[in-house]
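> A predicted structure for the sequence below; I have some questions about it.
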Amino acid sequence: MIGILPGVYKAYNSDVTVHVQKSVTEVSPGDFHALVIPGGRSPANLREDKAVVEFVKKFFETGKPTAAICHGPQVLVTAGVIGKRTLTGFPEIEGELTAAGGTFKDVEVLVDGNLVTSRIPGDLPAFSRAVEKLLLR
């Protein structure tokens, strides 16, 4: 688990906690097989950090599986990698995704090349299966 700074973080809307082991400044895209960008409120913080945005951009450009759920695609917008991709996300970010050049569809999961996107926590089973399928190719 990587993030802006190492530490233990608690989700704002549940009892879920995560342990961020390293900062994005301590790793490189070559250290990972896939990148999963979380949803909720974290993308608002992640997209404000230049090191995170640069890491996401470099990772995406490797062609390895990149996945984002809920508000997670906003980080991809900030990294400038949406291009002409077809993707989904939390419905309220549709305008931002289309303004970045993407085509938005309101479906539980979308796979466009190396990119996997989903909308909400209820989509997690389909999202997880899609990520797994890309990893196993």
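Great, that's in hand. Numbering: from 1, shown residues only.
> quick one: buried residues of the helix or strand containing G95?
Assigned by DSSP states H and E, G95 belongs to helix 94-99. Going by neighbour count (16 or more other C-beta atoms under 10 Å), the buried part of helix 94-99 is 94, 96-97. (Each C-beta comes from the backbone N, C-alpha and C, glycine too.)
> go on, stretch 30-42?
Those buried within stretch 30-42 under the rule 16+ other C-beta under 10 Å are 35-40, 42.
> Could you name the helices and strands sitting against the helix holding G95?
Contacts defined by 3 or more C-beta pairs under 8 Å, 6 or more residues apart in numbering; DSSP states H and E place helix 94-99 against helix 73-79, strand 103-104.
> before we move on, back to that, nearest to I120, out of the buried residues of stretch 30-42: which one, please.
Ranked by distance to I120 (C-beta to C-beta), the buried residues of stretch 30-42 are led by G39 at 7.9 Å.
> Would you check that the closest one makes contact with F90?
Yes - G39 is in contact with F90 according to C-beta atoms under 8 Å; the separation is 6.7 Å.
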